[in-house]
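**Student:** how would this look folded up:
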Amino acid sequence: MSTRSPEHSPGPAPQPAPLVGEALAWLTGEGRQLGAERLLAGLRERFRNAGREKLADLVYELAKACLAALPELSVRTRLHSEPRAAELVSGEVEQLAASLRAVDDSTDTQSLARGTSAAQAALADARRCLGVLAQLEGASGRQQLACALERIHAGQPVAGEALLRPLLERVGESPAIIRMARVNLAFALLRQARYAEVVPLARAACADEPDNPVPLFNLLAAQAELGVPAEFLATAQELRALLSRQDSALIRNWIAQDLAMLCEVAGLSSQQSARLCAPPVAAEGGP
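**Tutor:** Numbers count the residues shown, from 1 in each chain. From the prediction side, this is the model:
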């Protein structure tokens, strides 16, 4: 076995990217394959494509920031990742869009949100962002996922369901997108009072992500409406067990604001409800 250190080991010389290689060859006069005009056109196209890809990422971030202003978003549904501040992202969008205009890209970003909005305005802002995102990358998984959320929270859960179901069956789709589509589909069905259909979806989502409380919230809402107190009680105890494993403000707030009402709908006794809704004691949270 060789004792030579890695920095002294010979290896293949790094090769420049194809277009960069053509540019170097053209400048040195060795092996010119492109004329100057074609070379510059290729460089512009490469810059334009890379810029549009980055712009799509920023527009998606801006759409998420708009959706994050909706009051039920974090409790009932999921996004691909947490958004950054709308004000910060919108500035980056404008800078990049201005650069792309220099290479004749006509993507219109002028109507996009510049900051956070009230819920109804946030929906309109998100809709505009998602329209631009469709221009940039088509009906991608993240674009369809976010469009479905906008439809559900706009009071059109049937339209949201129609966008989410194909994602569950799309060949080659990201497993993360499929997991989130399952969670969000459960909420779309809740909004349609199709409670029995929510249960298997929510259970599958819980199995996918045992430490994610959102599927448990949806499952509890469905079980309460179905009037199955024993199953509801077991799920509520799972939620409290999850709180003992992670000190989550989201879970604490949900227990404080929603759980007592659902206990009543599910038919639990006042004593059972009081135990479930009580603040966790030190023993639950560990030492």
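
**Student:** What are the buried residues along whichever strand or helix holds residue 128?
**Tutor:** Assigned by DSSP states H and E, residue 128 belongs to helix 119-137. Neighbour-count burial for helix 119-137 flags 122-123, 125-134, 136-137 (criterion: 16 or more other Cβ atoms under 10 Å). For the C-beta atoms, the positions are set from N, CA and C on the backbone; glycine is no exception.

**Student:** what about residue 230, which helix or strand?
**Tutor:** Counting by DSSP H and E, residue 230 is found in helix 229-245.

**Student:** hang on, the earlier thing: and the helix holding residue 128, what other elements does it pack with?
**Tutor:** If contacts are counted by 3 or more Cβ pairs under 8 Å, 6 or more residues apart in numbering; DSSP states H and E, helix 119-137 sits against helix 36-67, helix 141-153.

**Student:** How many residues are close by the nearest residue to residue 153 once chain neighbours are set aside?
**Tutor:** Counting by Cβ to Cβ, 6 or more residues apart in numbering, residue 153 lies nearest to residue 70, which is 4.9 Å off, once chain neighbours are set aside. The number of residues packed near residue 70 is 21, by other Cβ atoms under 10 Å.

**Student:** could you dump the helix holding residue 230 to PDB, C-alpha only?
**Tutor:** These are the backbone C-alpha positions of helix 229-245, laid out as PDB (Å, rounded to 0.1, in the frame of the first residue of the first chain):
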ATOM      1  CA  PRO A 229     -63.300   8.500  21.500                       C
ATOM      2  CA  ALA A 230     -61.000   5.600  22.200                       C
ATOM      3  CA  GLU A 231     -59.000   6.100  19.000                       C
ATOM      4  CA  PHE A 232     -59.000   9.900  19.600                       C
ATOM      5  CA  LEU A 233     -57.700   9.400  23.100                       C
ATOM      6  CA  ALA A 234     -54.900   7.100  21.900                       C
ATOM      7  CA  THR A 235     -53.800   9.600  19.300                       C
ATOM      8  CA  ALA A 236     -53.900  12.500  21.800                       C
ATOM      9  CA  GLN A 237     -51.700  10.500  24.000                       C
ATOM     10  CA  GLU A 238     -49.300  10.000  21.100                       C
ATOM     11  CA  LEU A 239     -49.200  13.800  20.700                       C
ATOM     12  CA  ARG A 240     -48.400  14.300  24.300                       C
ATOM     13  CA  ALA A 241     -45.600  11.700  24.000                       C
ATOM     14  CA  LEU A 242     -44.200  13.600  21.100                       C
ATOM     15  CA  LEU A 243     -44.200  16.700  23.100                       C
ATOM     16  CA  SER A 244     -42.200  14.900  25.800                       C
ATOM     17  CA  ARG A 245     -39.600  14.100  23.100                       C
END
